[in-house]
Structure formats: structure tokens, C-alpha cells
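Asker: Mind looking at a prediction? Sequence and model below.
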Number of protein chains: 2
Amino acid sequence: MSHRPPFSNLAESLPRSVPFVPPEETERQMGGRFQLRLGANESSFGMSPLARQALLDTVGEAHWYGDATHHDLRRELSRLHSVPAESIAVGAGIDEILGWITRLFLNPGDGVTASLGSYPTFHYHVHGFGGLPHLVPYCDFRNDWGNLAQKVQETGSRLVYLANPDNPTGTFLKRNELQEFRRRLPSDCVLVLDEAYVEFAPEDDRLPLDTADPGIIRTRTFSKAHGLAGARVGYAIAHRDMIAGFDKIRNHFGVTRAAQQAAFASLKDPDFLRHVVAAVNQGKADYYRLARELGYTPLPSATNFVAIDTGSAETARWWLHSLQKRGVFIRVPGIAPLDRCLRVTVGNPEERKVLTRHMRELSQEAPNRHGSHPG
Amino acid sequence: MSHRPPFSNLAESLPRSVPFVPPEETERQMGGRFQLRLGANESSFGMSPLARQALLDTVGEAHWYGDATHHDLRRELSRLHSVPAESIAVGAGIDEILGWITRLFLNPGDGVTASLGSYPTFHYHVHGFGGLPHLVPYCDFRNDWGNLAQKVQETGSRLVYLANPDNPTGTFLKRNELQEFRRRLPSDCVLVLDEAYVEFAPEDDRLPLDTADPGIIRTRTFSKAHGLAGARVGYAIAHRDMIAGFDKIRNHFGVTRAAQQAAFASLKDPDFLRHVVAAVNQGKADYYRLARELGYTPLPSATNFVAIDTGSAETARWWLHSLQKRGVFIRVPGIAPLDRCLRVTVGNPEERKVLTRHMRELSQEAPNRHGSHPG
């Protein structure tokens, strides 16, 4: 220990923590590269040719800061979603925006309700701003919205977080369930509806946008369906008075110029997005079949990944490590009972072929293969 | 006003504010594009061909998140600066890192000392985390380090901010001044030494790095000499126990994959950096001559811009608006007495030719041309 100057009281109390170990770190520990990168729900279907061209075109402007107001991108999102541009904030991915939200609303000690095992980066920010988490177990791997609403009321939580479609389960609450959930929330609680995967959800069952409602913030991203995870750009949609709050605290020049223009270009290519969604749906069908063939239970997914319930945390860990030895990166959630699941990003057809071969071969040695989920 | 859920007590108290209006916003108000972009100290000398190639090469990886540990970039910086990799943190530009620093150290109400009129984004973060600013006027447009140290002692400030070379004046404190300044600071105060422009400072007069000292954090960037402002990547160098604190709060996946690799590549091209510094030095000599020709006083600059003292805030504002009408973007600091100065980024030879023409033509109409600073 050095005699360093003290951190703030809150910062001293925090652990040094990392929401996710990046695959590059695992690769360095393994001493080799992953052959299949199917653990971070990055898109295996690349980006729109328009976005690619925008990235190439902006290389020559990399010495210029981006537009801190995100004017053009917000205007385009405004058109697409039929909401005012003043109801849209752009940040360096949903991760950064979740940091803004927790910072904007939480006094130290304020309650926050969420599902036990939900997105670690949200919880990282809640702890980081001194929030007090109140956690509700999943019910059959679905967000238990009835109990979440009740927990909010019991605890007077200031925020409630719900990912829909959900990560890491992939499950989905339909609009009527969400509408009832929203109705049960007190007026001083903000619903943070994380819709990182919304493009993969059935269109008719999605909750309509309503920027007149000051009690809900929706977060979306270009990291998943748009295939721009590395460019770091996400956005929030909410009542303009909520969005205005972000201007008090955000890192105004935090998004790269290239990302702004690639995201803008990607919005001009709805055909590409439809193609990605269709390709992912095919891949999910493949994964469902493969999981059942191996004697496991795939959870129905409204995302670009499938969570496969192996029946036990021990089995899931075995798969994680066995696949890693074969150069395959997937994830297993850290918290029970989600830790029974393999979370596998939908690969492209070639990647799925390789994955299928590895999993079929490995299944001969897998523990409890004929355990709780006979094939 | 909507009946929105309340923000935190601190956030409610903050104004909605923007540290800098981006030139794109001004362009929209003008209804046209700037011809010369010389107001944000972006580099007019582009980036290293190696960095350019890295940006092109990484387009195909834009669907992958970057390495949250910044392993390769930190290792390369470690070699370059002969400091441990554990003493380096990478973020989305110095702006983001200044946010980390204020958040990591400040309890609400804690004192922060800085020069009056210094970098607005630092002050934005101080306010944003509830710090109490104690401001010391510049002395002859130089940071008054003696009075800054005294103010820290009087107020028990937890942080003291000093940009060296300075922005917006361009002036520079030599190593012996900084060493004496550091010695006068109490052990529970952190010196935030913002070295965004350090590559332009005379090498022999720079303060050596000392990561054994837990009382100082140095911030640096790829936005200026490296010409990668749009890519958003900066770093901090400090004692490893200080750097470890950032891992408690930072946005781990906040830097783009392309930026990581462009920055890494740029470090491999020291010749390019030398070329930029030499070219900027030529440009500064041009600006000094031009300023004197117009009857103004250029401040000696250790950066990639020159602050030109016009003698009055009224004159400076006149130049700002007159140049803007001709499509030239420069800045004038907002706070007296710095608001007498034009802050002009060093352009490339072509840009300087155009700027010189505009300024010579305009000087016929300029107010107080033969005022306090006769030519």
C-alpha cells in the first residue's frame, strides 16, 4: 500500500471490479486466439455495406472531434421512431448510458430493483453510485414482472431495471405484460427498459414508444443487430425532460466521429437489418435442435443468442471450459440458477457448423448427459 | 414541466450545460460550413500513415468490442514512457478521464483548486460531482503556481488542476517550477496535471514521470499531436494504486476497437510525431508574426495553438464574429482577462495562407487597432 490520497468515501467502499472479462484477456491466459467468438453477443453477420462505407469515408476525418450534439444521428433516429429529437440521447453504447441513468437518479442509499442475475454492467453502475440493490429471482428464466413491481413498492426503489428481450436468458415479455408492469410502478420510480436486442423481438409484441410518459427510459444500441459493437454507440429514448437531464452530466464529446456516421448510415439500410434478423432466426432454430439433440433445454430466445439450460451449474462450467480448450468462446452466467445455462451467440452458418461439430464430439464426455434433461 | 421522477439532489442542482458548443452546431446556425476549422485545437497535420492503415484494417472488426483491459496499448505506452503498465489507464479521451478523477476523489462539498478560466470540461466535471471550486487568476496569462499551492493549503482542496502546457493560453511551466509546486502541495491533495499538449513542449523542460509519487495524475491524449481527436482515446499515468481506483468506476468497454489499434499504431511512428511538432513550430512562428503585424501580442505557445491578446474582450469578440462570417472557426475564452485573446489552432501552410489573408483584410476594420498594443 502506498500512502495515496484517499478516494471519496463511496469510491473507497467499492471493490475493484470488472463487469466482464474480455475474450482477449482469456486468450492471453490460454496463450492462443479463439477460433469462434460466440460469447459477447456480437453480430456474426457484420455491418451494413453503408455503415462499412461510412467507416472508410470517415478515416480522413479522424483528426476532428465528433458533433457533441449528435444532431444528424438524433434527427435520423427521430424520423425512424417517430419521436422528437429532444427525446433522444446518444452515448458510447448502452453501458455508458446506464452509467448516466444511475448517476442522474440515485442518491447514495437509494433503492434499485432488478432481476437477480441481470446485466452485470447495470449493477456495476448501481454500486458505483451508491445505490442499494433489491433483487428478484427470475421465474422460469423469465423476468418476474409481478414480483419486480411489488419489490419496487415495498422498497420505494427509485429505479427498476428490466432488459427486454432479456440478457442473459433471451426470454421476452410481451407488450401487455409490460403495460401492466408499467401501470403498477409508482410515479417517482423510473423504469429502465434495456432494449439492446429489440430488433430481434417479434414486431407486433413490442411495447410502443411513448415519450409523453416521464417514467420510462428505453435504451438501444448499434452493437447487436447493426453489428457495430466495436464502434460504441447507443441511445436512450425518453421524455424530453428526462433526456435533458443527461446534458447535465454526460461526456459530451465521448462518441467517435466514425461511430456517429456509421450508425447514421446503418439506419439508412433497413433491408440489411431484416436480413440479419432472418439469418439469426435460422441460427436460433439450429441451436434449438442442437441443444435438444444433446439432451438439454434451449430457452426460447428473442435475441441474437440462445441460453441452453444444461440442468446444472457443474455441467455448464464443464462445457464452458471444454469449449474454451477447443478455441470456442461462450459465456455462462455467474449467478444461480442462470449458471446452469450456456449463453451462445448465434454464429453464421460456417461458425454454427464448427460449433456443432465440437459440441457433438464433446457431448460423449459431458457430465450428467442423461441427468435431469434426458434427450 | 412534466411530472417527471426527481433526479438526485446533486443532479437537480446542476444547470443543463455544455462545456463547448461544437463547430457543427455553429455551422447549422450559420447555415453553412466552416472553411477553416481552427477553433478546437484539432491537428491540421492529420495522423500517422500507420494509424490510418490501422483504422482501415479494423473496419472489418467493427462488430467486435474492444479489449476492455487495453492490454496492448497499455503495454506499448509502458515501453514508451518506461513506467509499469499498471500505472496506465486508457479512456475515451482526457475528457472522460477527468470525469473519472473528479468522481474518484470528490465527496460533495470537497474543495478543488484551479486557475480561473482553465479547461471548462474539468470544471464541468467538478460541478457534476459536487466539488467546490476555488479559483486563482492567471498571472500574465501563466498559471500562478505559487498562489495555486497557497489556495490548496488555505482551502484543504482535494484536487488541484493544472494544464501544462496550458489551455487556453498556451503558456508553459518548466520542470523546476512544477517540482516546487508539487513540493508545496499537502499529501492528501492530488495534482491533476493535464498534459494534452505535452508533445509540443520543449523536451528538456518537461517534468519527468514518477509513478512512485501517489500525489500526481498525468493525463495525455491522442487527440492533439497524434491527430486522432475523432477516435477518442486518452490515458492517465499515475501510481498504480491510483490507477487501480479507476477500475472501480470506469466504463470498461468505452473505447472503440478502431481507436485502440490506431493509437497503438501511432506510437510506432515517432518520426511522424517529430514531423508534426516541427510543422507546428513553423506555424506558430507565422502566427506570432501575423499577430504583431496586426498590432496584437501573441502569447508564447508550447501547444498547437496560439493565443493572441487583442487587448480587449470587445476586440476579441469582434474578431471571433468577423472571422466566423468568413467561414473561419476559432475560439475566444469566456472568462476575463482571457477573453481578450483569440485562440487559434495552428493550421497547415495552406490554411495559414487563407487565415492570413482574411485577418489582413479584416484588420482594416478592426476596433482599437491602435489601442493598448500599438504595432
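Answerer: That came in fine, so what should we check first? Here the structure is a predicted model, which is why all the values come from computation and not from measurement.

Asker: OK, contacts around the nearest residue to A:V344 once chain neighbours are set aside?
Answerer: Leaving aside its chain neighbours, A:V344 sits nearest to A:I330 (4.9 Å; criterion: C-beta to C-beta, 6 or more residues apart in numbering or on different chains). For the C-beta atoms, the positions are set from N, CA and C on the backbone; glycine is no exception. Counting by C-beta atoms under 8 Å, 6 or more residues apart in numbering or on different chains, A:I330 makes contact with A:38-39, A:319-320, A:323, A:342-345.

Asker: now do 10 Å
Answerer: With contact set as C-beta atoms under 10 Å, 6 or more residues apart in numbering or on different chains, A:I330 has these partners: A:34, A:36-40, A:305, A:308, A:316, A:319-320, A:323-324, A:342-345, A:355.

Asker: could you show me where the strands are in the stretch 151-300 of chain A, in order?
Answerer: Per DSSP state E, counting those that start in this stretch, the stretch 151-300 of chain A carries strands over the ranges A:159-163, A:190-194, A:216-221, A:234-237, A:297-298.

Asker: how about JSON lines for those, with mean pLDDT and mean neighbour count added?
Answerer: As requested, the strands of the stretch 151-300 of chain A are exported to JSON lines (pLDDT from 0 to 100; neighbours: other C-beta atoms under 10 Å in any protein chain shown):
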{"stretch": "strand A:159-163", "mean pLDDT": "98", "mean neighbour count": "26"}
{"stretch": "strand A:190-194", "mean pLDDT": "98", "mean neighbour count": "25"}
{"stretch": "strand A:216-221", "mean pLDDT": "98", "mean neighbour count": "25"}
{"stretch": "strand A:234-237", "mean pLDDT": "98", "mean neighbour count": "24"}
{"stretch": "strand A:297-298", "mean pLDDT": "98", "mean neighbour count": "20"}
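
Asker: who wins for proximity to chain B among these?
Answerer: Proximity to chain B, assessed across the strands of the stretch 151-300 of chain A by C-beta to the nearest C-beta, is greatest for strand A:190-194 (5.0 Å).

Asker: Summarise which helices and strands the closest one is packed against.
Answerer: Secondary-structure packing of strand A:190-194 (3 or more C-beta pairs under 10 Å, 6 or more residues apart in numbering or on different chains; DSSP states H and E): helix A:93-105, strand A:111-115, helix A:120-128, helix A:145-155, strand A:159-163, helix A:175-183, strand A:216-221, strand A:234-237.

Asker: Nearest to A:L10, out of these?
Answerer: Comparing the helices and strands packed on strand A:190-194 against A:L10 with C-beta to C-beta, the closest turns out to be helix A:120-128 (8.1 Å).

Asker: immediately after the closest one, which helix or strand?
Answerer: Using DSSP states H and E, the next helix or strand after helix A:120-128 towards the C-terminus is strand A:132-136.

Asker: Scan chain A for its longest helix.
Answerer: helix A:270-293 (DSSP state H).

Asker: Which neighbouring elements make contact with it?
Answerer: Looks like helix A:270-293 contacts helix A:49-58, helix A:257-267, strand A:297-298, strand A:305-309, strand A:341-345, helix A:349-363 (3+ C-beta pairs under 10 Å, 6+ apart).

Asker: of all these, which lies closest to B:Y138?
Answerer: That would be helix A:257-267 among the helices and strands packed on helix A:270-293, by C-beta to C-beta, at 32.1 Å.

Asker: Would you check the distance separating the closest one from the middle of the chain?
Answerer: Chain-centre distance of helix A:257-267: 20 Å, with C-alpha atoms, centre = their mean, to the nearest Å.
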